[in-house]
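Colleague: Take this sequence and fold it.
(2 chains)
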Amino acid sequence: MVAQSSAIPRGRSRRRVHRAVARRFDSAGPLTYLFLLLVVAGSLFPLYWSLVVASHTNAAVYAYPPKLLPGANLFHNIRRLFDSGIVSVDFAKALVNSAIVASVVTVSVVFLSALAGFAFAKLEFRGRKLLFLLVLATLLVPVQLGLIPLYIQMIHFGWLNSIKAVIAPNLCTAFGVFLMRQYIVGGVPNELIAAARVDGCNSWRVFWHVVLPAVRPMAAVLGLLTFMNTWNDFLWPFIVLNARNPTVQVAVSDIATVAYVPDYSLILTGCFISILPLLAVFLLLGRQIVGGIMQGAIKG
Amino acid sequence: MSVVSGTENAGGQGAAGLRLRRRVLRRLDAKVSPYLYIAPFFVVFGIFGLFPLGYTAYVSLTDRNLLAPVSHFIGLHNYALLIHDSYFWNAVENTFGIWFLSTVPQLGLALVIAHVLNTKLRARTFFRMAVLLPQVTSLVAVALIFTQLFGHDYGFVNYALGQVGVHHVYWESGRLSSWIALSVMIIWRWTGYNALIYLAAMQSIPEELYEAAAVDGARRFRQFVHVTVPMLRPTILFTVIISTIGGLQLFTEPYLFQPRASGGTGGASRQYQTIVMYLYEKFLGSTQFKFGYAAAIAWCLVLLIALFGLVNYLLVSRIRSAEA
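Modeller: Sure thing, here's the model as predicted:
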């Protein structure tokens, strides 16, 4: 085979031989599938387990050996979760709060990132390079560590225990600006922008009518990632919000930490419910998310 | 928008005036608009990122306390106390221990998974999505689900270990055992994400390199060691740095590992208290509200992240030059 491939002249036939070599080493055998299925099982198991625990009574959860199959108590547990007589937090309010926070932050991040990304990618202005470097530099600063003065700041603003405190710091991110700028550089042709300029568009209308429609694929990815991160965020909401006006994560952690003997069927019902929206989004748009992470990895 | 209003008024004005106005607007647009478009980022970062970070530095030099009406400038006193604070060094040790136990197996496993995913597979999208699924799960849910799984009397892990003859492990109360349990949570959530990043990098490795290796008689395993891993060095470096930044800020998993609120002490003998947990304990967790001291911890953490990131960078790039 070695001698053959080097003897064949350049061109199509040689490429075919190359592919044949590559394919021989690329074929996935049954062992490969077995390994992957084990990995998949490992990925799914904890989620399956939360459903198992969430669908039993708490007495059954404290049984030995543990129950391995789902029970019939899921809806009963969900009802308990939303019953303010049983649970220390208003879980429905937590869901609404999380939905508001995640939606507002997502729309804002996508829009402002696209706008700034457009300026950095396609507009000429003094200090452009330096300012973009500054944006990148902020990526390295662990912003969360400013949480003590940020907390003091929130007291001064009167935003403690208000979801404003969770929304405002996240309205625009360096990661988003970076991602959008990279995408617009390659994804929006200069000719398109020049044509719009000839038609008399100012920069805002170029952005609105040309750039924004063109960045939709990246906007979808950035939006999904932002929504997930915001929905899942814990430390900062936990510090500025309390159990009366929580996000979902704060609510679930509160249910888990107040009881002396933890009521796991209730706690994991909360976890399960808190995962469900993201699970739904993931099943619908997982392909794009996978693509987005891999794209970001190449460019980053 | 301004152009629109300009054309609306056109009827009452002369053509020359209109042209002039348009030109001014255009100049204004070219000069000012770019700054307006990037301003939101800098405003948000300035108010909620840069100012707090600088202010942290100032607060760390005071004895600021939520309960005290006035605070005093005390210089580096907080830092001097911190250096002799055994709880702080305990937290540092725990954080690094958990980081090591979670990062090394995680990145190794991610490499293997990426390598396997990089073959011609059926149901490729399904496998990629399945591997990424844990990433979607919130830290809170991961922590609580695994805490239940690792429960000592009724948990599934001890049950499964019991089936193969291992006696019940008290995961939460031991030092190493709690580190292992926490590492499992981190590994579970992050391996797939890193695998996809490696996979993306693997797909951009030119096929010729593999062909050359195949011609030289290298089988898949040796191709992996001698072609894939060296070519992935920059990506591996990236993931190590990311996991350093994330790992040293570990909080949610250990905080929720003990179901009952503990104010962030991380177990009865602080066996798994991380740096951020200790920061939280001094900040709001206990009733001390020592903001100045907590701010000093925050700055030490920033320093540690920068230092450790640099060490990792040098380490990984040294391996590269050694093998090249």
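Colleague: low pLDDT regions in chain A?
Modeller: A:1-28, A:143-144, A:296-300 (pLDDT under 70).
Colleague: so what are the domain limits for it?
Modeller: A:1-41, A:91-299 (automatic domain parsing).
Colleague: which of these sits most buried?
Modeller: domain A:91-299 (a mean of 19; mean count of other C-beta atoms under 10 Å in any protein chain shown). For the C-beta atoms, the positions are set from N, CA and C on the backbone; glycine is no exception.
Colleague: related to what we said a few turns ago, please convert the domains of chain A to TSV, extending it with distance to B:His115.
Modeller: Converted to TSV, those look like this (distance: least, C-beta to C-beta, whole Å):
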stretch	distance to B:His115
domain A:1-41	10
domain A:91-299	15
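Colleague: closest one to B:Arg64 among these?
Modeller: Among the domains of chain A, domain A:91-299 comes nearest to B:Arg64, with 8.4 Å by C-beta to C-beta.
Colleague: OK, contacts around B:Gly162?
Modeller: Listed by C-beta atoms under 8 Å, 6 or more residues apart in numbering or on different chains, the contact set of B:Gly162 reads B:His168.
Colleague: so which helix or strand takes in it?
Modeller: Under the criterion of DSSP states H and E, B:Gly162 resides in helix B:156-163.
Colleague: helices and strands around the next helix or strand along the chain from that helix, which ones?
Modeller: Counting by DSSP H and E, the next helix or strand C-terminal to helix B:156-163 is helix B:175-203. Contact partners of helix B:175-203 among helices and strands, from 3 or more C-beta pairs under 8 Å, 6 or more residues apart in numbering or on different chains; DSSP states H and E: helix A:30-54, helix A:264-299, helix B:86-117, helix B:124-136, helix B:139-149, helix B:233-247, helix B:252-257.
Colleague: Give me the contacts around the first one.
Modeller: When you say that, I think you mean helix A:30-54. With C-beta under 8 Å, 6+ apart, helix A:30-54 has contacts from A:61, A:67-71, A:74, A:77, A:264-265, A:268-269, A:271-272, A:275, A:279, B:113, B:116-117, B:119, B:121, B:127, B:130-131, B:133-134, B:137, B:141-142, B:145-146, B:148-149, B:156, B:188, B:192.
Colleague: Now the element after that helix, going C-ward?
Modeller: Helix A:30-54 is succeeded, C-terminally, by helix A:58-61 (DSSP H and E).
Colleague: Wondering if the helix or strand following that next one reaches chain B at all.
Modeller: Under the assignment DSSP H and E, the closest C-terminal helix or strand after helix A:58-61 is helix A:74-81. No: between helix A:74-81 and chain B, judged by C-beta under 8 Å from any C-beta of the partner chain, nothing touches; the nearest distance is 13.6 Å.
Colleague: Can you classify B:Asp153 by secondary structure?
Modeller: B:Asp153 falls in the coil class when you classify it by DSSP: H, G, I helix; E, B strand; the rest coil.
Colleague: give me the number of residues near it?
Modeller: 10 (other C-beta atoms under 10 Å in any protein chain shown).
Colleague: Just to check, it is in contact with B:Trp171?
Modeller: No: applying C-beta atoms under 8 Å, one finds B:Asp153 not in contact with B:Trp171, separated by 11.2 Å.
Colleague: Any residue of whichever helix or strand A:Leu95 is part of touching chain B?
Modeller: Following DSSP H and E, the helix or strand that holds A:Leu95 is helix A:91-122. Yes: counting by C-beta under 8 Å from any C-beta, chain B has neighbours in helix A:91-122: A:112-113, A:115-116, A:118-120.
Colleague: Tell me the helices and strands packed up against that helix.
Modeller: By 3+ C-beta pairs under 8 Å, 6+ apart, helix A:91-122 packs against helix A:128-140, helix A:164-167, helix A:174-187, helix A:216-232, helix A:248-258, helix A:264-299, helix B:15-45.
Colleague: so can I have TSV of those helices showing distance to B:Tyr278?
Modeller: Below are the helices and strands packed on helix A:91-122 laid out as TSV (distance: least, C-beta to C-beta, whole Å):
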stretch	distance to B:Tyr278
helix A:128-140	23
helix A:164-167	24
helix A:174-187	28
helix A:216-232	23
helix A:248-258	18
helix A:264-299	25
helix B:15-45	27
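Colleague: Kind regards, and thank you for your time.
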